[in-house]
Structure formats: C-alpha cells, structure tokens
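Asks: coordinates for the following, if possible.
(chains A and B)
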Amino acid sequence: MAEIVAPRTSEIGVGIGKVRLLADDVETRLGAALGLQVPAAGRRTSNGALSCIRQGPAEWLLVGEQDLVCAALDRVAERFSDDVCLAVDMSDGAVVTNLVGARAVERLAAYCDLDLDPTAFGIDHATRTRFGDVSVTLARLADGDSYWLIGDQSHAPYIDRLLDHGAPTR
Amino acid sequence: MSGTRVAGGVAIDRSHRLDFRWAGKQYRGFAGDTLASALLADGVRLFGRSFKYHRPRGLIAAGLDEPNAIVQIERGAATIPNLKAPYIELYDQLDAQPVNAWPSLGFDLMAVNGLFKRFIPAAFYYKTFMWPNWLLFEPLIRKAAGLGRAPQERDPDLYSQTSAHCDVLVVGGGIAGLAAALAAGRRGERVILATGGALWGGRLAGSDQLVEGQPATDWIAHTLAELDTLPNVLRRNRMLATGHYDQGLVALCERMTDHLPIDARIGPRQRLWHVRAGQVILATGAFERPLVFANNDLPGVMLAGAATAYLHRYGVLVGQNIVVATNNDSGWHAAMSLAQGGARIAAIVDARPSPATSLLAAAEALDITVRCGTAPEKAVGGKQVRAVDVARLDAASRLTGRTERLVCDTLLMSGGWNPAVHLHSQAGGALRLDPAQHSFMPAALPGSPSIGAAAGDFAIKTSLAAARGTEFVPVSTPIRPLWSLARTAEPDPLAWVDFQNDVTAADVALAARENFRSVEHLKRYTTLGMASDQGKTSNVNGIGILSQFLGRPMEAIGTTRFRPPYDPTTIGVFAGHRIGDGLAPRRRLALDAWHVAAGAKLEEYGGWMRPVAYLQEGETEAQAVAREVIAVRTRVGLFEASPLGKIEVKGPDAARFLDRIYVNTISTLKDGRCRYGVMLDENGTIFDDGVVTRLADDHFLVGTTSGHASAIAEILEEWLQCEWVDLRVLVQDVTTCWAVLTVAGPKARDVLQTLEGTIDWSASAFPHMQHRAGLIAGMNARVARVSFSGELSYEVSVPWRQADRLGERLTAAGAVHGLTPFGIEALMTMRIEKGFLHVGSETDGTTQPQDVGFAAVLANKKSDFVGRRSTRRPDSLRGDRRQLVGVAVDGPLPVEPGAHVVTPGREDAIGSEGWITSSAWSPTIGAPVALAMVNGGAARMGETVKIWDLGTWRKGRIVPPCRYDPDGSRLNG
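Replies: Numbering: from 1, shown residues only, chains lettered A, B, ... in the order given. Predicted structure coming up:
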C-alpha cells in the first residue's frame, strides 16, 4: 500500500488551537502574533513550525507542536485582549491524521465528495468538509501527496475504520 | 439443439476453457463468455420459467434488457438471486441455477397456472381475494410469487464507495461514447468514460462493419489505445451508470470482482461512484423492441440484434434455420450477418410492403426468401419454436388472409429501436415522439446531450459527428409500427408484452377497458414494466398497444416516470461502509477501557458507547442498577459524563445573546454561578436543556444534553451569523476537549477533599449551582456543583487525555468511602425519583416549557427569546395541555414507558389522556416510580388513574413529579 496513516496528535504531541476574533485589522495583527502570513479563504500557511488554516471568516485553526500552539494562543489572547477573542487549546479535542502517498487521494475520495484534483485542491488548500458522516478539516500539504485530516478526537476510530474500508484495489 | 459455436467472437479466449454448472449439470465455456453465450453455444434453449404462469422461457436479449433468463448464482451466503444471464460474465466453477421452477426447469409443476390463465389475468388478485380478507391470502400469494431466493445468511462481501469530479462524463462505451471521450480527452478536459458491460464498442463490438474506413473492431482498438495514452481520461468498464441527478451528479456501480472466480476475489465486490461532471454525455444506446404476437415467448424467439451480438462477441450462432421478422432495416442486417456466420436464413418477413431495393437485392444474392407486407401471427412449438405462422398485414396493420407456416428453429424479431433515455429522463430531460421511428427521443437537456443511438441516430457517420460536437441532422428512416399483431382489434391473449411480469397485450386491453387509461395506472394495474428489467423491452410496446386500443396518439399517453436505479443495484453497494459498527460514528468515552474493565455493559446513547450498568458476578442488570442507586444515595458514586455538551460563548454581548436563546434569564447570573436553562425552537417546543455557567462577565460555558452539542453549537452560530449579526459574540464547541467525571453522593465532598489542589470544597465556599476552576492533583480542572441525581454532586472536568489520571486518583480516594461506578440506568432511575426532566423522554414535538413546570419562568422573563411568541398562542395557553406529573403505580413492577393513562371508567373510550414517559423501579423508595404527560395533569394531583400496560390494566395515582427529597436538602447539603 502506498499510503501511510501517521500517528495521531495525542501520540506525537501535535497541538491544535482554535482562534476566533472580532477585531479591526485582524489579519495583520493576527499574522504578527503568529509569526506567519494569515491564509486567505480555503488556504493554509505555515512558518515551518506553526501552520494556520482559515476555517471561515474570523476563524482559524493552528497546528504545530503543542507547546508552540499554546504559546501562540497566549500571544493571540494578549494581543487581542481589548477585542472579542476566543483562543482555545483544542489539542485534547481534535486529532490529525496524516495521509501520505500517491494513492492517498483515493482513500479520501472514498468518503469525501470534494474535487481533490490538484487543479481544484492544490498544495496548501484547506477546507472544512465531510469525511463519511463526520465533519473534518482537510488540508493538502507542501509535497502534494500529503494530507492532513483533522477531526474530532472522538471520531478517530470511525475515521480509521473508513480509511481501512476504502482501501484502493486497482 | 440449435445454438453452436462458430468462428469469431471478439470477447472470448478460446485457449482458456472454463468449467461451470447450470441447473445441476456441468458445462464448459471460454473466458470472455457470458453465462448466456456459453449456454447458447452448448445448445441450451430453456433458461427459466415465467413469473406468473411458469411458461418455459428462453433468451431474448444479449444485455441487461433481458427479461427471461433470470438466474440465481452460487449457494449459501454467496448466493445472488435474479441476475440476468447475458450480464453474468463466466468464471471458472460458476454455479448457476434457474429460478421459479420446481421440481426442475424442464418439468415445472407450477406451469399448471397456465391452464387457468384466463381466470387469473392482470390484477386478478385485486378482484378475487378481497373477500373475506386479503390478509388471509397474502402469505400464500407472496410465497407463490417472486423469482429467486434471497440469501438467508449475512452478505460476506465488502462494498465501497468513492467520488470523482470531471469536466466530461461519457456514459456508454459504444463508438459514439468512445469518440466523444476521445474528443474531450484531446481537448485536455478531465474525462471519465464508463460502460456497464465488460466489452467496449457497443453494438459494433466484434463486427466487421466499416467505421471511418476501418473494420469496427480495429477502429475500437485504436480508439481505446489512444484513450489510454491520455492521462486526463479515466475509462472503466463494468461500471454502470444507475442514476442521473441534478447538477451533473451521476451514480455508477462498478462491478469489481463479480467476473472473477470466487477464490480469486480480493477487496470490495462492487463500488458506488458519485461522479460530478460539468457535462454528462449520454451515449447509452438503444433497446430493440420485440414484436407482440401469439406465443412470442417461446424459447427460440429472440431479438435480432441480440443474435448478431452473440455471433460477433462470442462466436455463437443462435440457430441453424432462422426466420427474421422485422419492420425496419436492422432485422435485414442481422439476417445478412447470421447468413455470413453460417446460419440458414429461412425467410425474412418484413411488415413494410416495400423495403429498400438494396436490401431485397442482398437477400436475393444470399438466396433468402422474403415476405413483404407480412408479419408473424403465431410462433409454433412446445418448449421451443419449431415454426412460425405468418400472414399479410392490411392497411390498419391487422393480420389478414391465409396463414403461411415457415419452419425454423429460431425466430428473430425486430420491432424497431427505443433509445435508452432512462438517464436523460431521470435528470429531468423531456421526451418527444419520433413520428418516423415511433420511439421516444430525448429532447435537448442543457449540460447533458444524448448522442448516437441514445438520440435515435443509428448511422455511424452522424453518430461520430455528434460525438465530436459537430452539428448534424440525423436521418430517420421510417418504420412501420407494429404494436399488437392480431386479426381483430382484440389483442391475442398469448401475445406477451412484458415477458418478465407475464403481461400480455390482452392484459393491456383489459386495463384500458376497466378505465386504467393513464400509463401510470396501466403500469400499476397490470405490473407492466415493474419487473427487474424495468420494462426495457416492454414499455414502449405497452404504450403503443394502449394507444392503439384507446385511439389516442402515443405522445398523448406519454411514458411512465423513469427513476433510478437504471438496473437493479445491490443494497450492499448503496450501504458501502455503513454497516455494523460503521453504520454511524460510535464514540468512546475517555475512560472506555476502565469502564469495560469494571464490568460495564456498554450501549449506544446519542452516538456514545456508555455504561448501562456495571454488572458484578452473578448479578442481573436490574440488581446492578439497584445496587448502584443505593451506593450513590448512601455513599458515593462515580459516573463519566464526558459527552455532556460544552460550548464556550464569549463576547461583550454574550449574556444578551443567551437571554435570547434560553427561556431563563441568563444575564442576571453572577460570575462563577450555574443556572439550569431550557432552550426552545421557534415553535416554542423544548429543544434542549442544560446548565449554563458564567465563567467571567463576558464568558459563558453552555451545557447541552449528551449527543446534542454540535447541533446546538451550529444553531447558536446560525442565530449569530444570520439573524443577530450585530451581537459581538463568539461560539466554540469544546465538548471533547474536556472529560467529565461526576462524583455524586453524600460522601462526594469527602472524596474530593482528599485530592490536593486549589479548590475549597467546603459547603459554604462551594455551594450548589456554583462553578470553580483550579488545580486538582496537578491537573487544570473546571468543577460544577450540579446534580442530576438529587445528591451532593460535582462534575469535574479535566483535559480529555488526563481523564485516566483523574479516574485513578478518584477511585483511590474513594475506595475508603465505597465509591461505586454507576451507569446510565442508575442515573436515570435517580432522576425519575427526583422528577427531573429528560428532553426526549418527557418531551416530544409538542412539549412547551409551561407543560413541564416552567410556567413561572416564562411569565417572569422580561425580554424576548426564541420560541416565546409560540408559547403564547391560544393552544399553548390551554389549561388541559399535557403536563408533567408523577405516577405512583400500584403493584411491585414498573409500567412500560408509552403506557396510556385514562380515567377509571373510561377504559373502553376512544382516546388517551396521556402516557407514561419514564418509568423505573426505585430501590430508594422501594416501589415503581414513573413520570407521565397527562392532560391537565397539574390540576389532577391525587387522582386515581388506570394505566394500559402491555395488555393489562394497572392502577395508579397522579402525584407530584418529585418523589425523593422534595425540599432539595440532600443536593444542597
């Protein structure tokens, strides 16, 4: 099998943070707080250590080592302390599965109705979508054949089950 | 027998023999054969017995339009009923059996039905079995009806699903489909090309007919080779488009392993594709129409196009001495091909008085007898055709004059062609009647053109032009319509229209006489077109006969509605992964392994696998529940409440926002305090309840019922994003970030106080309905002192991954106090004792807050909130609405939830005064306890009632809902 399902966040210490903001000049200030360029709609950006996914208007997901994520959340909370800010460590509540390999896209297509062709969902594209019957955030990483599937941790056994069930055969 | 293997056959590999069984006998075929072709080659004529009259039936078609050769393959769990023999690819050791024949195919006792045919016409059961009661007859009729046998064991196969997107989806692998795919592929578009069968090339597969100067077989091979060089083209055979929906969505079923020997099958058997295409090109071909005359169902009477398909694809000659009856040119072409293949063509019988001279000349060159202006009147034979009686047609297409008997072993028929408009029509495409071909043609459908035979274009040149997007005008050669061949206006009672459902032309006429004149009524009354072939060979003939009988044009009658699936599709492939544990996501608690180790019996509640009770050695579930309740009431218990919804709501307008969401006033809540609240929908119906905690002036934690967290979070988002965009509030569901362990019972404080930390657990410092955040055993914790059991109770939340640590510390600290894990059933028993509301048990789609004890809260609320207006409708203000009460039930056993409650003396009256909503045995009280919603219940305290409990009357008394510690001293302790 060409693809690999990587260990989960809880096992490798990857952190997930959620940032929601109602503030002026939010992208510039958030970018400064995170040390990266804030992504446009449907995109992911990264400074190497920390990734930021835009999940919706004024809504971002941070992915990285948990310490880095928590530190970033603290910086965001501080910088936006006079604004409406919800910066929450979701590391315990979310799980990242890393799908790698030329046929990873087949596994995804089995349960996700998105158009995953590189012309439609290219490198650093990221979006909320459905995987089977659960909500996930999907991001395509820099090397093109690598994806993050970020879902609720309580759905991890279900996601694993689907990934096994949809194994490509030809 | 008649069928033989001859030269040719593009599909088969003569170097690879396959052994298989049919009806208990051993046969041999070649790789590439279908079950039908291999049996035909071996001379088999009899393939099945008809559905109703058990008449002997043979093959008619060469594809999924086959109505007769319905078979069952394999045995045990692997058995599959009602497959079409021409659509079953042969594999080694295939085991196939006929259906609907007992004791054997050759001698079927139920064929006696045919003797009584005149007494059991279409819809006879509607008339015959009404007295005294249809239900008396139904089991017998159901047993006698039906074709194959459903497997009794669990399906051992795996089915998968996938999705794909493309610019162009081409449905159909004939030359039009191939050309369209190649044209789009050359343009660089993303193309998916799918054909349902194993072979490419459609009607021309294996044919030596010229296509753009090349033999068709070469043209097909070259086109496939070029398609395979294009990385932007995905082509799949054995992938049948079954449904065409809005916005270019097409469902296709790919048969991945059905063609392989059973022990060579690996992976999913079938895969369901959801393809979303910018353009869907329908190159689905056409179906040939049978002719409707007496005994046209005799084995050996076949469609002419099917005979050429068997010859070209599999090298099988369907007969040695063949008569071809037709009303169009294609029958002649079939006759020529078969003559070249080695058959003797006894005669060509054409309904048209003057076929083209080129056809006549070709027949003469081959010394074929021709009868023009003539049609078959009757097929002659017992279990297979031996001759056909033909007669002249008059101007009204009635048979007339003397009968001529033509001896033959095979009668081929062609009544014209019906474009396969199913997918076009499913997507909403209109149909028009072609006056020359007497067929329904697809009218223009934006984004989904039909091309080739699917558009009624049977010429290679124009089909290819259409496939390549060139404007063209198809030339339609007129045919002579032949709907029901008889000497009078009355159709022959043995002229079959729907072979699979045993519907005759006389049945159609009967329906029309009985005023079932709409085509939809005709279909349901006669079952025409309702079999598993879905009328592919019968529908248009049925419409033609109805038109003839009613004297109304076919276009005025129209077609029945085309609905997916196009061909029967396995339920397994629709289910895909959604079987067993994959039916829905099953979520596990943070301490799942601990619960199991402690003896928990797990069941699903709102998607979460939760402990029902912890069964000890030799204990029944009821005993375990009673033990757990007593432990909590007298000592201390531990319960995992992690699924309780937790939604952070933050912002300067958060309090105002929650005031609008809850029936209760939230803005008056002080920091660190909790308040129980009820949410309504716009109809004033109770939607959810839970505890709201004010973490800070602008920051709340909204508690929801288990399993409802994400739905509530989405509703809060919806109000903020769509209605109250001016409110500066943010919402985030954090349910699964925090594990929750509830410590409940009079010793709860004693247990928690032993854990080192920063929280002062004393009653004065931490009263009921308050919240504290701090450290417990080094863990960040949020603690709410709230109670659903009625005892002193703390809900302790820690980060999910630290739940194990907290569990260990609590069980260690609680051991000295007899800390007992308790499950859902113990909790439910205790909340019924307390009379606490459970949304979904006490409430339904009509329950408003005033019905369950919140009338005062409603009246006192100053500001507006969701659902308020609906709680003030006249119906909402009725005093006799169903209201929450307790019921003290006489006797030692609880009543069943749902048991109806009535006033004594009104046991025989129609109607109910309410019902039991929750019920349990209370080990605390030593009696059954129950909650009920009863008409005007609040004013009926002390009233005796009767309860209809699973067939017996029980006696009870209406009492206040709370049966335990009504002043709350225990939970406030």
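Asks: what residues go with each domain of chain B?
Replies: Domain ranges of chain B: B:12-150, B:159-287+B:418-467, B:291-414, B:483-552, B:598-643+B:737-830, B:645-735, B:839-959, per automatic domain parsing.
Asks: tell me the residues of the stretch 201-350 of chain B that contact chain A?
Replies: B:256, B:266, B:267, B:268, B:274, B:276 (Cβ under 8 Å from any Cβ of the partner chain). For glycine as for every other residue, the C-beta is placed from the backbone atoms N, C-alpha and C.
Asks: ok, the residue nearest the centre of chain B - contacts?
Replies: Per Cα atoms, centre = their mean, the C-alpha nearest to the average position across chain B is that of residue B:574, at 6.1 Å. Going by Cβ atoms under 8 Å, 6 or more residues apart in numbering or on different chains, residue B:574 touches residue B:272.
Asks: got the CA positions of stretch B:666-681 in CSV?
Replies: The C-alpha trace of stretch B:666-681 is given here as CSV (Å, rounded to 0.1, in the frame of the first residue of the first chain):
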residue,chain,number,x,y,z
ILE,B,666,-29.0,34.3,31.9
SER,B,667,-27.8,37.9,32.2
THR,B,668,-28.5,38.1,35.9
LEU,B,669,-26.2,35.1,36.6
LYS,B,670,-23.2,36.1,38.6
ASP,B,671,-19.7,35.1,37.8
GLY,B,672,-18.9,31.5,38.9
ARG,B,673,-22.6,30.6,39.2
CYS,B,674,-24.6,28.0,37.3
ARG,B,675,-28.2,28.1,36.1
TYR,B,676,-30.3,25.4,34.6
GLY,B,677,-31.9,26.5,31.4
VAL,B,678,-34.3,25.4,28.7
MET,B,679,-34.0,26.1,25.0
LEU,B,680,-36.9,26.3,22.6
ASP,B,681,-37.2,26.2,18.9
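Asks: name the residues of that stretch that come out as buried.
Replies: Across stretch B:666-681, burial judged by 16 or more other Cβ atoms under 10 Å in any protein chain shown covers B:666, B:669, B:674, B:675, B:676, B:677, B:678, B:679, B:680.
Asks: in those residues, find the pair that's most separated.
Replies: B:674 and B:680 (20.1 Å; Cβ to Cβ).
Asks: circling back: export the buried residues of stretch B:666-681 to JSON lines and tack on pLDDT and distance to residue B:283?
Replies: Below are those laid out as JSON lines (pLDDT from 0 to 100; distance: Cβ to Cβ, whole Å):
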{"residue": "B:666", "pLDDT": "97", "distance to residue B:283": "63"}
{"residue": "B:669", "pLDDT": "98", "distance to residue B:283": "67"}
{"residue": "B:674", "pLDDT": "98", "distance to residue B:283": "66"}
{"residue": "B:675", "pLDDT": "98", "distance to residue B:283": "66"}
{"residue": "B:676", "pLDDT": "97", "distance to residue B:283": "64"}
{"residue": "B:677", "pLDDT": "97", "distance to residue B:283": "61"}
{"residue": "B:678", "pLDDT": "97", "distance to residue B:283": "59"}
{"residue": "B:679", "pLDDT": "97", "distance to residue B:283": "54"}
{"residue": "B:680", "pLDDT": "98", "distance to residue B:283": "55"}
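Asks: which one of these sits closest to residue B:92?
Replies: The closest of these to residue B:92 turns out to be residue B:679 (Cβ to Cβ; 63.4 Å).
Asks: list the beta-bridge partners for the closest one.
Replies: Per DSSP bridges, the residues bridged to residue B:679 are residue B:662, residue B:688.
Asks: got the contact list for it?
Replies: Neighbouring residues of residue B:679 by Cβ under 8 Å, 6+ apart: B:661, B:662, B:663, B:686, B:687, B:688, B:689, B:712, B:866.
Asks: nearest to chain A, out of these: which one, please.
Replies: Minimum distance to chain A across these is 14.6 Å, recorded for residue B:712 (Cβ to the nearest Cβ).
Asks: in three-state terms, label that closest one for me.
Replies: At residue B:712, secondary structure determined by DSSP: H, G, I helix; E, B strand; the rest coil is helix.
Asks: cool, and residue B:581?
Replies: Relying on three-state DSSP, one would call residue B:581 helix.
Asks: in chain A, which spans are helices?
Replies: With helices called from DSSP state H, chain A shows them at A:9-12, A:26-34, A:66-79, A:104-109, A:156-165.
Asks: could I get those as a markdown table with mean neighbour count and distance to residue B:694?
Replies: Putting the helices of chain A into a markdown table (neighbours: other Cβ atoms under 10 Å in any protein chain shown; distance: least, Cβ to Cβ, whole Å) gives the following:
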| stretch | mean neighbour count | distance to residue B:694 |
| --- | --- | --- |
| helix A:9-12 | 16 | 31 |
| helix A:26-34 | 18 | 27 |
| helix A:66-79 | 18 | 19 |
| helix A:104-109 | 23 | 42 |
| helix A:156-165 | 19 | 33 |
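Asks: go through the ones you listed and name the closest to chain B.
Replies: helix A:156-165 (3.9 Å).
Asks: what lies in contact with the closest one?
Replies: A:5, A:8, A:95, A:97, A:99, A:107, A:110-111, A:131-134, A:136, A:149, A:151, B:158, B:160, B:576-577, B:581-582, B:585-588.
Asks: if we can go back for a sec, and the residue nearest to the centre of chain B, what helix or strand is that in?
Replies: Using DSSP states H and E, residue B:574 maps to helix B:571-575.
Asks: how about residue B:655?
Replies: Assigned by DSSP H and E, residue B:655 falls within helix B:654-661.
Asks: by contact count, what packs against that helix?
Replies: On a contact count with 3 or more Cβ pairs under 8 Å, 6 or more residues apart in numbering or on different chains; DSSP states H and E, helix B:654-661 meets strand B:699-704.
Asks: redo the domains of chain B as TSV? Include distance to residue A:161.
Replies: What follows is these, written out as TSV (distance: least, Cβ to Cβ, whole Å):
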stretch	distance to residue A:161
domain B:12-150	22
domain B:159-287+B:418-467	13
domain B:291-414	42
domain B:483-552	33
domain B:598-643+B:737-830	14
domain B:645-735	19
domain B:839-959	27
